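>>> Next come a sequence and a model predicted from it.
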Amino acid sequence: MNESKLLERITANPSIFGGKPIVRGRRLAVEHILGMLAAGDSPETILGGYPWLEREDIQACLVYARRIIGRERVELLVIESEA
């Protein structure tokens, strides 16, 4: 499945979690899936906890995060000390 198709699984609804990105219109935030992966949970463990969730949903969360991070830019701030 290509990235564009995967990203169709990520939606937002102002009445669910204040419009945060969610998986397929359900009450499961992308942030939550990413947090579970970051904590070391395997995709199998996550899928076991959410019977309706599909492996492609987890992959969509990762693609979404990569796209968001890919737009970030860091600007260095130089602070001069008074010495």
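Yes, it's here. Numbering: from 1, shown residues only.
>>> and T11, that's in a strand?
Yes. The assignment for T11 by DSSP: H, G, I helix; E, B strand; the rest coil puts it in a strand.
>>> Please name the nearest non-neighbouring residue to it.
G25 (5.1 Å; Cβ to Cβ, 6 or more residues apart in numbering). Where C-beta positions appear, they are placed from N, C-alpha and C, glycine not excepted.
>>> surely the one you found meets A12?
No. Between G25 and A12 there is no contact, the gap being 9.2 Å when judged by Cβ atoms under 8 Å.
>>> all helices of the protein, in order?
For the chain, the helices defined by DSSP state H cover 3-7, 30-38, 43-49, 55-70.
>>> Within its local environment, how many residues does A29 see?
Using other Cβ atoms under 10 Å, A29 has 17 other residues around it.
>>> give me every residue that touches it.
Applying Cβ atoms under 8 Å, 6 or more residues apart in numbering to A29 gives the contacts F17, K20, P21, I22, V23.
>>> who's it bridged to?
Taking DSSP bridges as the rule, A29 bridges to I22.
>>> Can you tell me how far it is from I79?
36 Å (Cβ to Cβ, to the nearest Å).
>>> now P14
Using Cβ to Cβ, P14 is found at 40 Å from I79.
>>> And R71, by the same measure?
On the measure of Cβ to Cβ, R71 and I79 end up 26 Å apart.
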